[in-house]
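A.B. asks: Structure for this input, please:
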Amino acid sequence: MQFWNELEGRTIDGRHPLRRLVRSEGRRAWFESEAGDPHATPATLSLTEALTDADEVVARLQAAQSMNHPNLVTIVKVGQVNLDNTLFVYAVMEHIEQSLSDVLQNQALSAEEGREVAEAMVGALTVIHQKGMSHGHVEAASVLATEETVKLRSDCLQDSTAGQADDVAGIGATLFHAFTQRKGLSATDAQINRIPAPFAEIVRSSFARRWNLAQVANALKPAPPVIQDVPPPPPPPAPAIPPPQPIAVKAPVKTPPAYTPPAPVVAAEKPPALAIEEQEPLAARRMPLALYVGLGVVALAIIMWLVLRPGSAPPPPQKAATPAASIPAAIPAAPPPAPVVPAPKPAAKKPSAARPVQAATPLAQPAASAPAANGRAVWRVIAYTYRRQQDATDMVASISAKHPNLKVEVFTPPGRSVYLVSLGGDNMDREQAAKMLDKARSMGMPDDTYVQNFAE
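C.D. replies: Here you go, the predicted model:
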């Protein structure tokens, strides 16, 4: 819008120049700037027009500044400044290179990149919810890249737990957009089944508000590795039993009968042993030889039977089974849809793109009730803020022509030189104003429409 462009080139507190307008969203805009240090470190500056709720905006930004988390954009400084008689609240943040919505204009994310985005959102939302706050703006335009880290924007936090369920549902919608390059999502969308696991179930269950943040975080944990059952090693083989050795049977020594040698002969005398052998009968000399042959045949038969019998050979030694290695669980991954415009795939750590695009306006929360001067609280629903009365009157006429039941009127707070476009009249209590706020947003009023107590 032209009003924000007019601020380019101005300087905040003499230290933070407003360079190029990055994007605007309702009453908030982002500019390229510097951190204000001697090194002129690049930074991003968030500027919020706050005519009636400056203190509440400052308190929310300071709460975000105190949160130190690697997946939450760091806020360096918070302050207030007047530009052209208009009060602004500014937040100097670390330099932001691009948003997820920029990347999705060219291609969808891979399973690895989707896991990095999902873990960053869960980590940032966990610390936000633990502080009793909600984000209120979980979408692709709020997922940002700073150097090598994926982070969630922090200048739109709401001081209420009422929006925490919407934050979890926003995780599912953002992942669906990341894998399909489509923003629209319904619980029965067939494209959910094409998203790789475990993200399909995260999208389905978080968008349907069946899961809380802890369940989403648990689904992102890697599955334990599958360990195959390893059979016990077989017992060692029994030692081979050697075949029985044949038993040598000695033939009985037959004692020769007593013999009386003959009378000595003059001729040479034979040895006594030979004389004994010659005197033994023939049958007695053949008996030991036959016995030896028979025993040898029996022993040979026994040896052949032991060697050639079935199953006599000892079993070959079995090789010990090698334990199977652990097989890590595999995550089935379906190929992402083909990109509309081919482009080089960004690195897993930091997707590549050029410039952030405009995001939707974060939901404004009702301001805290201020004590009335005379005890009467006047709650109003404020949709637009103008510095010229004619502009506010024209807007009232335009809205009344389309939605006459919204009771649109111009309201000027006491002591202020601004003109507010008020919805629902001035006879509402806080509950009636909250209902009117929901009704106005459902009929197309700006997302940053808010409730304010103007005590009389």
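
A.B. asks: Now Val92: which helix or strand?
C.D. replies: Secondary structure from DSSP states H and E places Val92 in strand 86-94.

A.B. asks: Check Gly170 too.
C.D. replies: helix 164-180.

A.B. asks: ok, then the element right after that helix?
C.D. replies: Taking DSSP H and E, what comes next after helix 164-180 is helix 199-207.

A.B. asks: Show the subsequent helix or strand relative to that following helix.
C.D. replies: helix 213-219.

A.B. asks: and that following helix, what's its mean pLDDT?
C.D. replies: The average pLDDT for helix 213-219 rounds to 95.

A.B. asks: now stretch 136-152
C.D. replies: So the average pLDDT for stretch 136-152 ends up being 92.

A.B. asks: again with stretch 53-67
C.D. replies: 94.

A.B. asks: Could you list the buried residues of that stretch?
C.D. replies: 53, 56-58, 60-61, 63-65, 67 (16 or more other Cβ atoms under 10 Å). Heads up, the C-betas are built off the backbone N, CA and C, glycines and all.

A.B. asks: next one: it to chain centre, how far?
C.D. replies: Mean C-alpha position of stretch 53-67 versus that of the full chain (Cα atoms, centre = their mean, to the nearest Å) differs by 29 Å.

A.B. asks: low-scoring pLDDT stretches of this structure, where are they?
C.D. replies: In the predicted model, the chain carries pLDDT under 70 at residues 1-2, 223-232, 238-290, 307-376, 456.

A.B. asks: quick one, strands of it?
C.D. replies: 11-12, 16-17, 21-25, 28-34, 42-49, 75-83, 86-94, 98-99, 143-146, 149-152, 379-386, 409-411, 419-428, 450-453 (DSSP state E).

A.B. asks: Can you give the contact residues for the longest one?
C.D. replies: Right, strand 419-428. Strand 419-428 is contacted by residues 52, 378-389, 391-392, 395-396, 399, 406-413, 432-433, 436, 440, 445, 449 when judged by Cβ atoms under 8 Å, 6 or more residues apart in numbering.

A.B. asks: switch the cut-off to 6 Å
C.D. replies: Residues outside strand 419-428 that contact it (Cβ atoms under 6 Å, 6 or more residues apart in numbering) are 378-386, 389, 392, 395-396, 406-412, 436, 440.

A.B. asks: ok so, going back, figure out which of the strands of the chain is closest to Val127.
C.D. replies: Smallest distance to Val127 across the strands of the chain (Cβ to Cβ): 10.0 Å, for strand 149-152.

A.B. asks: Give the buried residues for that closest one.
C.D. replies: In strand 149-152, counting by 16+ other Cβ under 10 Å, buried: 150-152.

A.B. asks: quick one: which of these is nearest Arg27?
C.D. replies: Leu152 (20.9 Å).

A.B. asks: Excluding residues flanking it in the chain, which one is nearest that closest one?
C.D. replies: Distance criterion Cβ to Cβ, 6 or more residues apart in numbering; nearest residue to Leu152, sequence neighbours excluded, is Ala124 at 3.9 Å.
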